[in-house]
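# Turn this into a structure:
(2 chains)
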Amino acid sequence: MSLSQIGTDAAGVDATAVPVAPQPGMVGRSPGRLAWARLRANRTAMVSGWIMLFFIVLGLAAPLIELLYGISPFEQFQDKIANNSLPLGYFGGVSGEHWFGLEPQLGRDIFIRLVYGLRTSLFIATSAALLTTALGIVLGIVSGYLGGWIDGVISWVIDFALALPFLIFALAIMPTVTARFYGPRDEIPVPFRIGVMIFLFALFGWTGTARLVRGQVISLREREFVEAARASGAGLFHILFRQLLPNLWAPILVSFSLAVPGYITGEAALSFLGIGVVDPTPDFGVMINKSLSYAQTDPAYLIFPGVVIFLLVLAFNLFGDGLRDALDPKSSR
Amino acid sequence: MLRFLIKRLLLGTLTMFAVSLVAFGMFFMLPRDAVATMCVKNCNPERLERVRVELGLKDPLIDQYTGYMKGIFVGRDLGSAQGGFCDAPCLGYSYTSSEEVSDIFARVLPVTLSIVIPASVLWLGLGIGLGMISALRRGTVFDRLAIGFSLTGASMQLYFVGGMLMIIFVYTLKILPVPHYTSLWDDPLDWASGLVLAWVALAFLFSAVYARLSRAQMLETLAEDFVRTARAKGLSKSRAYGRHALRAAITPIVTIAGLDIGGALGGTVITETTFGIQGLGRTAVEAVRLGDLPTIMATVLISAVFIVVANIVVDLLYAVIDPRVRLS
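Next comes the predicted model:
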């Protein structure tokens, strides 16, 4: 049913289950080790994991690559742009010097802008995923364990947040927040824009993790180990974060790893609409938005960023799926 | 059933009320000065002040809110600068295009409906069909292809797919016109050929999710005892799978479909921007660019209405499909 080839010895072992007493001749393995072994055996997950790692390293090492490649993302090659503002040469000006060709009009190098675009995208997506996961864990665990009116309020807020259309709200919030801090003629700094984007993702994104964690906590809170902790006088903080949380890492890790590609897409979408990152900063969404007006005359300008963001999201998604199969082989998807 | 309906409607109204409060509070408390953003050119302090009074921005926030809400239900007088009396449903007066916001929406809403409704028929049919068939033919080449399709679709970006479709069908093969909107009643053929790329792009991305989900659901249902019983007592394959299993497998899909369609109706922002079609979503993007607060506010409210209504419809459908829901 899944793409993974789950080893027969590992099949059906719940990652959170108590290990069975070791039989003679068997080596005891921790749930983490078992999951790792299952992940290693999953070819799709391993390949996509390596591609993912490649992209991350590429993004992190962007300045180094700029040094080796010899072209900065802001350098304009006007001498290689024809009078009709299209790059000279075939397929958007692809050459040994400019691997992915040049942007029409401004004549900036597409390859190095994509490398820096990876950096923008991965930075925003990872921060947003970390923030939403942290927020979701705290609210979900509190709501699930305490129950009562606190649970009622948090659950209602979750349902309410799901009734808000994200993109439209983002469209509305971005200018109002900007207008709060900057006048109509002020230059809006890039870090501020990025900050607001991450804030927006956090505002809308925590609900998924919170729901997941809440459900898990409700099924765990009556278990003996929690009762034992309570009976021995453990404080609330200890029960929530020392007793319950360690049992939840598997689903949280999966939801985190699938949240990252979601935010990569979301960030590109906001920038595509003109409410995220703006032009001089290299970014996939901005690039694709500009490339659409050249779709007829210079299709390469759309194809390169489009394919890169597709591969990036695909690698993250496939790896996330593999992780889910490895950590929780029983779950259906 | 009636009690269930009333309860759902009340809850929906409450959510709408909360959305309107949040949206209103956001707009009228946050900006440093809504008026300054609206008149960037030749605004002397005197004129600014007059506009503020005219727009009622000097009134207490509660009065502004009740005024706005009253406008939606019974209409209200907006003053001579804003076109006089505005009939219900009054959503205010656009700062930038000198017409009532409700007139703008009357123009762009059919466009968005023309994109979303055919697209959702396409994506549901394709997605559920693919998922069901690949579940029934598990492990075959068809199944593998369907999995590949849904993995690809789930990682694709709408603007990339849209751009590629345009490059292929409009600019290279030249078999379709540049995407545009014509009214269905004026020229059905032109209506379809102008929007078909938007339908295909949306359907491709969405059906990927549905194919995956319905495949998993169907596999789970096929393993249930009642399906085996149905087969054992002699029902044909098509009857046992098509009627018994499908009905059980489809309930979770109904939920997601309802939410997706509701969300899409509230603004196919990216689709419309990609194809350059002037619907609800693109109107919102432009309103944001120009700082046209009444239009933005109305877009938020309308798209939230779509989602809330979709939620209620989903719950009702649920009650029809699954009798257990009615009792609780």
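# Run through the residues of the stretch 101-250 of chain A sitting next to chain B.
A:159-160, A:162-165, A:167-169, A:171-177, A:179-181, A:183-185 (CB under 8 Å from any CB of the partner chain). Where you see a C-beta, it was placed from the backbone N, CA and C, and this is true even at glycine.
# Am I right that residue B:182 sits in a strand?
No: counting by DSSP: H, G, I helix; E, B strand; the rest coil, residue B:182 is not part of a strand but coil.
# Could you report the distance from the closest residue to it other than its chain neighbours to residue A:117?
Leaving aside its chain neighbours, residue B:182 sits nearest to residue B:190 (4.4 Å; criterion: CB to CB, 6 or more residues apart in numbering or on different chains). Using CB to CB, to the nearest Å, we find residue B:190 at a distance of 38 Å from residue A:117.
# what about residue 226, how many neighbours?
Going with chain A. A count of nearby residues for residue A:226, using other CB atoms under 10 Å in any protein chain shown, gives 19.
# The intended chain is chain B.
There are 12 residues near residue B:226, going by other CB under 10 Å.
# That one is in contact with residue B:244, isn't it?
Yes: contact between residue B:226 and residue B:244 holds when scored by CB atoms under 8 Å: they sit 6.7 Å apart.
# Identify each buried residue in the helix or strand in which the residue nearest to residue B:182 is found, please.
In this structure, residue B:190 sits in helix B:188-222 according to DSSP states H and E. Buried residues in helix B:188-222, counting neighbours by 16 or more other CB atoms under 10 Å in any protein chain shown, are found at B:191, B:193-219, B:221-222.
# what's the answer for stretch B:245-264, then?
With burial defined by 16+ other CB under 10 Å, the residues of stretch B:245-264 counted as buried are B:245-246, B:248-250, B:253-254, B:257-264.
# Likewise for stretch B:222-231?
Those would be B:222, B:227, B:230, B:231, for stretch B:222-231 by 16+ other CB under 10 Å.
# Which members of those are the farthest-apart pair?
By the measure CB to CB, B:222 and B:230 form the most distant pair in those, at 10.8 Å.
# Quick one: residues contacting residue B:159.
Each residue near residue B:159 by CB atoms under 8 Å, 6 or more residues apart in numbering or on different chains is listed here: A:269, A:272, A:288, A:289, A:292, A:306, B:270, B:273, B:274.
# Would you mind measuring from residue B:211 to chain A?
For residue B:211, the distance to chain A equals 12 Å [CB to the nearest CB, to the nearest Å].
# shouldn't that residue be in contact with residue B:150?
Yes: the pair residue B:211 and residue B:150 qualifies as a contact (CB under 8 Å) at a distance of 4.3 Å.
# Identify the contacts common to those two.
Common neighbours of residue B:211 and residue B:150 (CB under 8 Å, 6+ apart) are residue B:130.
# quick one, strands of chain B?
Using DSSP state E, the strands found in chain B span residues B:76-77, B:85-86.
# closest to residue A:97 out of these?
strand B:85-86 (60.6 Å).
# Give the partner strands of that closest one in its sheet and their orientations.
The sheet places strand B:85-86 alongside strand B:76-77 (antiparallel), with pairing taken from DSSP bridges.
# Now do the partner strand, average pLDDT.
The average pLDDT for strand B:76-77 rounds to 70.
# Any stretches of the stretch 151-300 of chain B with poor pLDDT?
B:266-267 (pLDDT under 70).
# which of the residues in the helix or strand in which residue A:143 is found are buried?
Applying DSSP H and E as the criterion places residue A:143 in helix A:110-146. Neighbour-count burial for helix A:110-146 flags A:110-122, A:124-129, A:131-133, A:135-145 (criterion: 16+ other CB under 10 Å).
# Can you tell me what sits against stretch A:50-66?
A:72-73, A:112, A:115-116, A:118-119, A:121-123, A:311-312, A:315-316, A:319.
# what do you get if the cut-off is 10 Å, keeping everything else the same?
A:45, A:67-69, A:71-73, A:75, A:109, A:111-112, A:114-123, A:126, A:257, A:260-261, A:264, A:282, A:308, A:311-312, A:314-320 (CB atoms under 10 Å, 6 or more residues apart in numbering or on different chains).
# now swap in stretch B:175-189 and tell me
By CB under 10 Å, 6+ apart, stretch B:175-189 touches A:296, B:108, B:110-115, B:118, B:162, B:165-166, B:168-171, B:190-198, B:201, B:271-272, B:274-279.
# Poorly predicted segments of the stretch 1-150 of chain B, please.
For the stretch 1-150 of chain B (pLDDT under 70), the answer is B:27-45, B:47-48, B:50-59, B:77-84, B:87-88.
# can you map out the helices along it?
Per DSSP state H, counting those that start in this stretch, the stretch 1-150 of chain B carries helices over the ranges B:2-29, B:34-38, B:45-55, B:61-74, B:101-136, B:141-155.
# Need those helices in TSV (columns: distance to chain A).
Compiled in TSV, these are given as follows (distance: least, CB to the nearest CB, whole Å):
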stretch	distance to chain A
helix B:2-29	5
helix B:34-38	5
helix B:45-55	12
helix B:61-74	15
helix B:101-136	10
helix B:141-155	4
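# Look up the pLDDT of residue 323 for me, please.
Picked chain A for this. 86.
# wait, chain B
69.
# Same check on residue B:326?
60.
# What of residue A:124?
92.
# Correct me if wrong: it contacts residue A:267.
Yes: between residue A:124 and residue A:267 there is a contact at 4.7 Å, judged by CB atoms under 10 Å.
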